[in-house]
Structures are given as C-alpha cells and as structure tokens.
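In: Next one to model:
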Amino acid sequence: MIDLGYWSVFLGAAIVLNISPGPDLIYILSRTIANGRRIGIASSLGVCSGAFVHVVAAAAGISAILMTSAVAFMVVKYIGGAYLIYLGIQALRSSGASFDAARVSKKPVTAWRAYKQGVMIDVLNPKVAIFFMAFLPQFVRADAGPVALQLILLGLAVNIIAVIIECSIVLLAARTTTFFRNSSRLSKWLDRVLGTVLVALGVRLALSERVAT
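Out: Predicted coordinates for the structure are as follows:
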C-alpha cells in the first residue's frame with residue numbers, strides 16, 4: 001500500500017528544493033538565454049546527470065568523506081570554482097559569436113558540450129554531495145529494503161522532478177528571449193552576462209564553507 005503521507009512530504013520537499021533559485025538553475029537559465037532551448041535542455045540534463053553521480057556516491061558512503069574531511073572538501077570546491085571561472089572568462093573574452101544567430105555556424109555551442117559542462121559543474125560542487133547525504137537519508141524507511149537502493153531510487157526521483165521543472169523553465173525562458181539571441185547588437189552583452197554569472201558562481205563556490213558536522 002502506498003504511503004500517501006510519506007510521498008506527499010518527499011515530493012513536496014523535492015519540488016520546493018528544485019524551484020528554489022540556486023547555482024544550477026542560474027547556470028541553466030544563463031545557457032538558455034544565451035543559446036536557446038536545445039542548449040538549455042542539454043545543460044539541465046547535464047546538471048541532473050552530475051547530481052545523480054552524487055546520489056550514487058551518497059549511497060556508497062563516499063559523500064561522507066566530503067562531509068567530514070575539510071581537505072577533501074576544499075580540493076573539490078576549488079577545482080569546481082576554477083572550472084566555472086574558466087568558462088566565465090571564455091565567455092567574457094568572446095566577441096559575441098556564441099550568441100549571434102548569424103555567426104553561430106562559425107562558433108557552435110553544441111548540446112553535447114553543454115551537457116558535459118553541466119555534468120562537470122555539478123560533479124565538482126561538493127555542496128551537492130553533502131546535500132544528498134543530508135537530505136535523502138531522512139526518507140529512508142526500515143521496512144522498505146536495502147538502504148543503498150532506497151537512496152538511489154529517492155535520488156532518481158529528485159532528479160526526475162528536477163528535469164521536469166528545469167525543462168519547463170527552459171522552454172519558458174527560450175520563448176521570451178529569442179529577440180535578444182537574434183540581435184547582433186545585444187549578442188556581445190549576452191556573452192558578458194553569461195561570463196559574469198559563471199565567474200560569480202565560481203567565486204561563490206570557492207568561498208563556500210563546509211557544513212558543520
């Protein structure tokens with residue numbers, strides 16, 4: 001028999017967490033505004049794939065290392081921050097071609113590249129690992145089977161909800177920003193905005209503190 005109370009609480013929490021503005025959503029929106037619906041969806045799928053890596057790590061207990069080791073947390077967050085800043089600097093140095101529809105064939109931003117960047121951004125964020133390690137165990141039940149399997153299934157559910165919510169936001173954002181992407185005058189400014197957002201996210205990650213245990 002399905003426990004409606006249990007699933008209502010879990011799904012409600014997952015929805016609230018996924019609609020709350022955060023680095024992942026900001027990155028996905030930035031990519032959508034810059035490059036359109038296809039790249040935005042690829043970025044969302046990449047971010048969620050990276051998050052699922054953390055789910056598997058949490059199920060295996062690996063995330064506990066990041067939660068308890070200040071050195072491990074510091075190494076991962078600096079690598080992740082440096083990667084975001086690198087992507088931001090690339091965008092800041094761009095001539096605007098990545099957002100100019102008339103020149104996109106000269107400098108394409110492929111869905112595969114956006115997907116890989118999304119994966120790396122989430123995998124290299126230690127706070128995502130700690131989040132899943134703290135959030136998912138709250139919904140583990142003693143009578144529902146192996147703990148590791150429960151964690152993976154719960155994490156998968158969170159990521160499916162994330163894909164639905166993020167792709168909906170991507171579709172809405174893409175419909176409202178077509179003009180900006182097709183305007184050669186504004187293409188450079190879109191590059192600058194994306195670069196600034198990525199650098200800011202990188203700095204924010206690098207300066208983040210480990211959750212106290």
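In: right, and residue 11 touches residue 164 too?
Out: No - counting by Cβ atoms under 8 Å, residue 164 is not a contact partner of residue 11; they are 11.5 Å apart. All C-beta spots, glycine's among them, are computed from the backbone N, C-alpha and C.
In: Can you mark which positions in the helix ranked longest in the chain are buried?
Out: Ranked by residue count and defined by DSSP state H, the top helix of the chain is helix 147-176. Neighbour counts over helix 147-176 (16 or more other Cβ atoms under 10 Å) mark 150-152, 154-155, 157-159, 161-163, 165-167, 169-170, 173-174 as buried.
In: counting contacts, what elements does that helix pack onto?
Out: Judged by 3 or more Cβ pairs under 8 Å, 6 or more residues apart in numbering; DSSP states H and E, helix 147-176 is in contact with helix 4-19, helix 23-35, helix 37-60, helix 126-135.
In: 7 Å - rerun?
Out: Here helix 147-176 touches helix 4-19, helix 23-35, helix 37-60, going by 3 or more Cβ pairs under 7 Å, 6 or more residues apart in numbering; DSSP states H and E.
In: Just put the ones you listed in JSON lines and tack on mean pLDDT, mean neighbour count and distance to residue 142.
Out: Formatted as JSON lines, those follow (pLDDT from 0 to 100; neighbours: other Cβ atoms under 10 Å; distance: least, Cβ to Cβ, whole Å):
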{"stretch": "helix 4-19", "mean pLDDT": "86", "mean neighbour count": "13", "distance to residue 142": "13"}
{"stretch": "helix 23-35", "mean pLDDT": "85", "mean neighbour count": "23", "distance to residue 142": "32"}
{"stretch": "helix 37-60", "mean pLDDT": "93", "mean neighbour count": "23", "distance to residue 142": "17"}
